[in-house]
Structure formats: C-alpha cells, structure tokens
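Asker: Just a sequence and a predicted model for now, questions to come.
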Amino acid sequence: MSQSLRTVVLVDAVRTPFGKAGSMYAGTRADDLMVRAMRGLLERNPKVAPDAIEDVAIAAATQTGDQGMNIGRSATLLAGLPQSVPGYSIDRWCAGAMTATTTIAGAIAMGAIDIAIAGGVEHMGNHPMGELMDPNPRYLAEKLVEQDALAMGATAERLHDRFPQLTKERADRYAYNSQMKTAQAYADGKLQRDLIPTAARNPELGWGIATVDEAPRPTTTMEGLAGLKTPFRPAGRVTAGNSSGLNDGATAALLASEAKAQELGLSIKARLVTYAFAGVEPEVMGYGPVPSTIKALEKAGLSMADIGAIEINEAFAVQVLAFLDHFGIADDDPRVNPYGGAIAVGHPLASSGVRLMLNLARTFEEKPDVRYGITTMCIGLGMGGTVIWENPHYKGAK
Amino acid sequence: MTTTITLPEGAPEEVVTHALVRDVDLTPFGFAGTLALITLDNGLDHTRPNTFGPQSVQALDAAITDAAARKPAAIAITGKPFIFAAGADLSALAFLKERNQALAIGKLGHDVFRRLDEIGIPTFAFINGLALGGGLEVGLHCNYRTLATTAFTALPEVFLGLVPGWGGATILPKLIGPERAVQVIIHNALNNNTMMKAKDALALGVVDAVYEPADFLEKSVAFVAAVLKGDTKIERKDYSSDPAWDTALAAGRAAALKKYGGAEIASPMRALELIKAAQHNKKGEGFDAEDSVLADLTMSDPLRASLYAFNLIQKKRKKVEGAPKPALARKVARVGVVGAGLMASQLALLLVRNLKCPVHDRY
C-alpha cells in the first residue's frame, strides 16, 4: 500500500438545533439527537452510499447512560447504517468532536479509510457537568492541579486574574457582540442552513419539532450584562451572560479523502491542512488555544497573518479575548466568529468542534478571498485544540 | 360537543388518553406556515396502549378545537412512543345496560372523529406505531396518512364480534375500493385477526406514505409541507362505479360462512351490509348506520361472550390471576418429560422455548 499521505476534506457538516440543558430536549435521548444529526447528514449527501461509510467516531464528554454503550457504534446501528459499518467513541471533553474529526482525518490521511463520519453529542440536561466524576485525591494532596482547575467558571476567573487588561467590560462587550452577530445571522437565514429539524417529545406537551437554537438572547443589552451575578467568585467577572450556557445538542461531519470526494462527486467544503493539541496549566484551561494554535501554525508553515477566518469556541468571553490579545487581533475583528458563537447558540460540550467547522465552511463559501481558516477551542483540565483548514473556493494567488 | 357520556355502573375507570397540541413551524420544511400537532398520550408506557373511552374522545374533541383555533396550515395527529392508538376502550362495553348508551358511544366517536374531515383544514395522521380498530379509524377520518415501517395496523372488530363502527366500514371502501376493504375488514379479521405490515397498508392504499421510525415524525412533517406546496399529490379514486362490489361482497360472505360452518354470524354480515352501503351513500349516512349496527351488536349476547373470551385469552393469559409471584419460582435447569404422544411433545417444546434449558423427552 502507498505510504504517502492523502489530503483530507470536509464534505459536509450539520447539527441539531441546540437546546438549553433539560429544556426543549428534556424528553429526548442523547443517542436520538446523535442519530438525527447523522441521518440528516446522510440525507443531504445522497451520493454517499451508507455502506461506503468506513468508520464512525462520536464524541461525548460523559459516556454513560444514553451517551454510553459505545455511543459511536450504538448511534451507527440506531441510525440504520449497515451492520458492516463500525463505530467508536471519543472523549477529549469539550474538544470531543474536534478530536473525532482529527482522528478520522488521520486514518483517512494514512489510507486506512476513505470516507467516515465524525461527530459529537452532549445532553447536559441528562448528564450534568461533573456527573459521576471521581477525581483522584492525589490531585489536591500532591497539588498536581490547583483547586480551581475542575470548576470551569473558576478557571475563567483565573484567566481574568492573569491578564488584568481583560476586563469584565471587555468580556461583556464581546458577549454582547456574539449575541448580536448570531441574531443577525438568524435574520439573514445563515445558521438555519445547517440545522436538521429534530423531533422532541415533552411528556406534558406532546411531540414537537426543534427547528432553531433555543439559547440565543437577541435582546441582550450591555446594561443587562453588567448587572448579572458572578457565581464563581464574589465581585468576580465571569457571568452567565459572558459564558456559554449548559446545552443539549449533536453534530455530525462527513470527512473523506479528496480523491474519494472527487470520485463520488461530493461537495468539498474545506481542506484539512494540519492540526495540533497542546496542554496548559489546568487552572487557566481557557488559554489552551494559544499554544495549540502556535503549534499548528508552525506545523503548517503559516503565521496568523495567513489566517483569514477564525472560528473559536466561546466557552467564556475572557478565553476568546486572551487568544485575540495574544495574536494582536481586535476584539471585534470581522474574521472572528462572524455568525456569533457559543455564548449565543450554546456549547453542548463534546459536540461543539463540528459546529465550528460548519460555520467556517460557510465563511469559506462566502469569502473566496480567504485562503486559510482555523477552528480552535479550549478544553477542560488545561488543553487547547486547533485545526487549520484551506478554503477550496479560494480565488486568490497561491 | 354537547354529548356527555358517563360510564355504566360497575365499569372500570377509564384510562384517559390525553390529546396534547403543539405548533410546528413548517418553514424549515419549505412551507410558510405552521402545523398544529396533536399527540395522543395516556401518560403510561407502551405496555398500556392509548385507547378511546368517552373522556378520551372528548379530550380529542377539545384538542381539535384548540388546534383549529391556532389557524394552522394543517392539523396532524400522532401517538406516544411506539403506539398510535389501540382502539376503543372495550372494558366498559360489557357493562352497558341500555341500547341508548351503546348508541351514544358510537355517535360520540363519529361526532368527534368526523371533524377531522370536515374542519376545512388539511388533516394528517402520523401513525407512528400500533393502530387498531378505532385507532386506525381516527386516521381514516384524516385527509392523509403516514405510517412507520414497523407499525402494525388492523381493523379487528369483526374478529371480536363488532364492526368497524367509528367510520371504518364506511370510509375504507370509499378510500380503497370494495375488494381491498373486504380484505381488511372481513378476511384479515376472520383470519385470526391478521394485522397489516406497513408495506401491506401502503400497497392497499390504507396509508399514503411509509417512513422509517428513526425520523418518522420529521419525515411526516416534510410530507405535510410537500402536500401543502403541491409537490406531492395524492390521487383519490372514486370507487362508486367499480365493477368489483358484488364479487368482493360475495367473497366476504362466503369466507364468513365458511369460517363459522355455514352459520350467519352477525358481525361479518352486518359489516358487509355497511360496506355495501358505502358504494353510494354519503359518509354521514354511513356513520348513522354504523351507530345503529354497533348498538345492536353491543347489546347482543354473542358480543358479551366474545369480550369475555377475549379478556380471558388476551389479558388474563399474560397475567394469570392468583398465580404466585415469579420471584418465588425455583430455577429450573433441566426438565424430563415422560411420554411420546402429541401432548408430551408439545409440552416438551413449550418447556424448551420458555425455560431455555435442556429438555429430555423419554418414552
């Protein structure tokens, strides 16, 4: 077999509408959300025969109950894919779907498979953060991590501490802009394009169909944000308004070797250049995207000046600002999250990595002058992940 | 609705099937408008299917009123997980003392269900799971029907000593023609209550589209949007001058006589009368005739005996009254059966199937 690497492309990506944790999907199972995203993805790509799918990697941060039983294999069977299609589960907390993507991409690049599904699901209503978590007492006894490391909100406060220039006012302004950008994207019909309508039953209300994200607050004001409580520290800076919420949702992406995509006549929405993950101090996990992006850019032989589009997960506004400050990018730079981000639409932990990809793919379509873009996110226990993508619609000089 | 029905003395309390209404935005499905979606749900799991007693029918009536008041582009009805509706609640029938009470139950069903056809808004049944008798009849009153590939449907009334008297005996012949209607109402019912698989129901024209259960609701809503937009057209044939009426009815009659050794049993004969009348009557006339037949049969001794037998072999078979708790049973790991006759071999077979342990049949 050939040992040369093959180019990996994003064929398509979709997601269910995201709900507030335990709200519109309160009566819906996590695996049913995942199945819906997968079936919606395949329905949009009829040229891909289900038995041509060679692997399915599905992420969830809590892999028990309706997110357990090897959700990758289980969702594959429940989605009605042929029994010959294998599946496995991935966990890298918030970067689950991102890691599913990079792991599948690695297999495609080395020639083990040609076409596969990567996705993620998190039903934070069914699986509250920290559910069944049993941290080793050595963590604290040996001071392996600081006490704040396991409370994500506390890590965000620590990031404010470390970079005093990242004020609450800046974080609130960033959060406000995220809400406004998402409202505009909805008004322009941009986000709806990749949402798969999803049946959701409420035992008291009956069956309904979720068609839009539940979490966005288009009526957000700066004054309103300024008045919110700071639950992680008295007189702190991190609020529910400048953080992503607790959410339920699923995402799925179709990845293929470029040769296979061309052979089948599939759409090519982005070309994977390279990726990197990197670790940081767990108590400032939000800083993770900085070292992972530096590393990925180095591997690609690129610099931030080459990056024309950035999709960064907004776990917390302060964590985005730390990233922007490091690279000297303005808080309201139009390259960053043009459709808003997790502060508005929500962050069902392990699913968000693919949401960043589908947004970036839309930006690529709209901006043929942009050659490279990144998707990046911070990860609990102190990590960051960054994937660099090339725009297949790029029209400029190469 | 002004009709109120009180249960006869001695009848068990009704397990009420609630009818919940929600709006579904059709925009993502390509149609500007909303669908009012009614969910039938008795609040229990699939082992206690939705049924229609008087309060349940009245709940549906209120839901239809609620749905229409929302000014939707369409109204749809679906069930709870795995179950659409298993039909009329039969538990009270045996306690009825007067024909008028029976007549009122039939009329109540008609008065409510027929609104689905007469309300002036396109109506759809999303038959997501089991739909029997009155359950399927609710769907037949709707303008269109989708069905889950795993759902079984049937009109078993004739098997029980009744007729499909909440619209089925009138609507089905008009919808799918005499031959197929006799097949479903007479032949299937008398053939030990054969249920239709989804592909059979689709081929017979009982439903208009079939979808896999994984995204049955989403696909059904997409079907609504396609019908409303005119992208999907469902042709309905007029069977009133179909040449097969006489032969179909004669075949149904012959099958019923054969089944009962030449005896003219009331339920298939009356069902055939109703089917025959459906060739030319108006639906409302058919419904009135159904009410009358239903009342006659409900008050008859054969039906009482049939309900008793049904209860015995269906309900009590599953949960034997007075039997000790299964937890008390000793674990059986090996069984010997002495005997070589039919009974011993059948016992051995039953034992091996149920206990899944080695069984020795010695003779």
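Answerer: Looks like it came in fine. Residues are numbered from 1 along each chain as shown, chains lettered A, B, ... in the order given.
Asker: Taking the stretch 251-398 of chain A, what residue is nearest to chain B?
Answerer: Closest to chain B within the stretch 251-398 of chain A is A:A252: 13.4 Å, counting by Cβ to the nearest Cβ. (Glycine included, C-beta is placed from N, CA and C.)
Asker: Please apply the same query to the stretch 151-300 of chain A.
Answerer: A:G206 (2.9 Å).
Asker: Against B:K276, how distant is A:P218?
Answerer: Plainly put, A:P218 is 62 Å away from B:K276 if you go by Cβ to Cβ, to the nearest Å.
Asker: Which one's more surrounded, those two?
Answerer: Per other Cβ atoms under 10 Å in any protein chain shown, whichever of A:P218 and B:K276 has more neighbours is B:K276, with 19 against 12.
Asker: Centre of the chain to the helix or strand that contains A:Q184, how far?
Answerer: A:Q184 belongs to helix A:168-187 when assigned by DSSP states H and E. Mean C-alpha position of helix A:168-187 versus that of the full chain (Cα atoms, centre = their mean, to the nearest Å) differs by 18 Å.
Asker: Please point out which parts of it sit buried.
Answerer: For helix A:168-187, a neighbour-count test (16 or more other Cβ atoms under 10 Å in any protein chain shown) marks A:168, A:170-179, A:181-183, A:185-186 as buried.
Asker: Looking at B:D361 now. What's its pLDDT?
Answerer: We note a pLDDT of 77 for B:D361 in this prediction.
Asker: so how far is B:L355 from it?
Answerer: 14 Å.
Asker: packing partners for the host helix or strand of B:A289?
Answerer: Per DSSP H and E, B:A289 falls inside helix B:283-298. Counting by 3 or more Cβ pairs under 8 Å, 6 or more residues apart in numbering or on different chains; DSSP states H and E, the packing neighbours recorded for helix B:283-298 are helix B:99-113, helix B:168-176, helix B:266-277.
Asker: Nearest to A:N126, out of those helices?
Answerer: For the helices and strands packed on helix B:283-298, the distance to A:N126 is smallest for helix B:99-113, at 37.3 Å, taking Cβ to Cβ.
Asker: Show me the contact partners of the closest one.
Answerer: B:1, B:3, B:5, B:8, B:52, B:54, B:57-58, B:60-61, B:64, B:88, B:93, B:96, B:134, B:137-138, B:141, B:165-167, B:287, B:290-292, B:294-296, B:298-299 (Cβ atoms under 8 Å, 6 or more residues apart in numbering or on different chains).
Asker: Next, count neighbours for A:G65.
Answerer: For A:G65, using other Cβ under 10 Å, the count is 15.
Asker: The stretch 101-250 of chain B: helices as residue ranges?
Answerer: Secondary structure of the stretch 101-250 of chain B by DSSP state H, counting those that start in this stretch: the helices cover B:115-118, B:134-141, B:157-160, B:168-176, B:178-182, B:188-190, B:198-204, B:216-229, B:245-259.
Asker: Go through those helices and name the closest to chain A.
Answerer: Nearest to chain A among those is helix B:216-229 (4.0 Å), distances taken as Cβ to the nearest Cβ.
Asker: now the contacts of helix B:99-113: which count as buried?
Answerer: Buried among the contacts of helix B:99-113 by 16+ other Cβ under 10 Å: B:5, B:52, B:54, B:57-58, B:60-61, B:64, B:88, B:93, B:96, B:134, B:137-138, B:141, B:165-167, B:287, B:290-292, B:294-296, B:298-299.
Asker: Same question for stretch B:66-73: list its buried residues.
Answerer: B:A67, B:A68, B:P72, B:A73.
Asker: that older thread, which one of B:D361 and B:L355 is surrounded by more residues?
Answerer: B:D361 (17 against 14).
Asker: How about B:K199, nearest residue that isn't a chain neighbour?
Answerer: B:V210 (7.0 Å; Cβ to Cβ, 6 or more residues apart in numbering or on different chains).
Asker: Show me which residues of the stretch 1-150 of chain A sit near chain B.
Answerer: Contact residues, the stretch 1-150 of chain A versus chain B (Cβ under 8 Å from any Cβ of the partner chain): A:V35, A:R36, A:R39, A:G40, A:L78, A:A79, A:G80.
Asker: Could you find the closest non-adjacent residue to the fifth one?
Answerer: What it means is A:L78. A:L78 sits nearest to A:V35 (Cβ to Cβ, 6+ apart), 4.7 Å away.
Asker: tell me the SS of the one you found?
Answerer: On the three-state scheme (DSSP: H, G, I helix; E, B strand; the rest coil), A:V35 is labelled helix.
Asker: What is the burial count for it?
Answerer: The burial count for A:V35: 26, using other Cβ under 10 Å.
Asker: My guess is B:E264 contacts B:L257. True?
Answerer: Yes: between B:E264 and B:L257 there is a contact at 7.1 Å, judged by Cβ atoms under 8 Å.
Asker: re earlier: tell me if the helix or strand following the helix holding A:Q184 is near chain B.
Answerer: Next helix or strand after helix A:168-187 toward the C-terminus (DSSP H and E): strand A:198-202. Yes: under the criterion of Cβ under 8 Å from any Cβ, chain B is reached by strand A:198-202 at A:T198, A:A199, A:R201.
Asker: wait, what's in contact with A:P135?
Answerer: Neighbours of A:P135 in contact, by Cβ under 8 Å, 6+ apart: A:L150.
Asker: what's it sitting at in phi/psi?
Answerer: Main-chain torsions, A:P135, degrees, to the nearest 10: phi -60, psi 140.
Asker: Show me where the stretch 201-350 of chain A has its strands.
Answerer: Applying DSSP state E, counting those that start in this stretch to the stretch 201-350 of chain A gives strands spanning A:206-210, A:247-257, A:270-279, A:307-312.
Asker: Packing partners of the last one?
Answerer: It stands for strand A:307-312. helix A:352-366, strand A:372-379.
Asker: and residue 263, how many neighbours?
Answerer: All of this is about chain A. By the criterion of other Cβ under 10 Å, A:E263 has 11 neighbours.
Asker: should've been chain B
Answerer: A count of neighbours around B:A263, defined by other Cβ under 10 Å, yields 9.
Asker: now do A:G396
Answerer: Counted with other Cβ under 10 Å, A:G396 comes out at 10.
Asker: try A:L358
Answerer: 25.
Asker: Now do the contacts for it.
Answerer: Contacts of A:L358 by Cβ under 8 Å, 6+ apart are A:A13, A:V14, A:R15, A:D194, A:T251, A:A253.
Asker: so which of the buried residues of stretch B:66-73 comes closest to A:S303?
Answerer: Distances from A:S303 to the buried residues of stretch B:66-73, taken by Cβ to Cβ, are shortest for B:A73, at 53.9 Å.
Asker: on that earlier part again, so which of the strands of the stretch 201-350 of chain A is the most surrounded?
Answerer: Highest mean neighbour count among these (mean count of other Cβ atoms under 10 Å in any protein chain shown): strand A:247-257, with a mean of 31.
Asker: partners of that one, with directions?
Answerer: Its sheet considered, strand A:247-257 pairs with strand A:8-15 (antiparallel), strand A:19-20 (antiparallel), strand A:115-123 (antiparallel) by DSSP bridges.
Asker: Just send these back as TSV, with mean pLDDT too.
Answerer: Converted to TSV, these look like this (pLDDT from 0 to 100):
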stretch	mean pLDDT
strand A:8-15	98
strand A:19-20	98
strand A:115-123	98
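Asker: Out of the ones you listed, indicate the one that is most buried.
Answerer: Mean neighbour counts for those (mean count of other Cβ under 10 Å) peak at strand A:115-123, with a mean of 31.
Asker: what comes up buried for the helix or strand following that strand?
Answerer: Next helix or strand after strand A:115-123 toward the C-terminus (DSSP H and E): helix A:138-141. Within helix A:138-141, the residues scored as buried using 16+ other Cβ under 10 Å are A:Y139.
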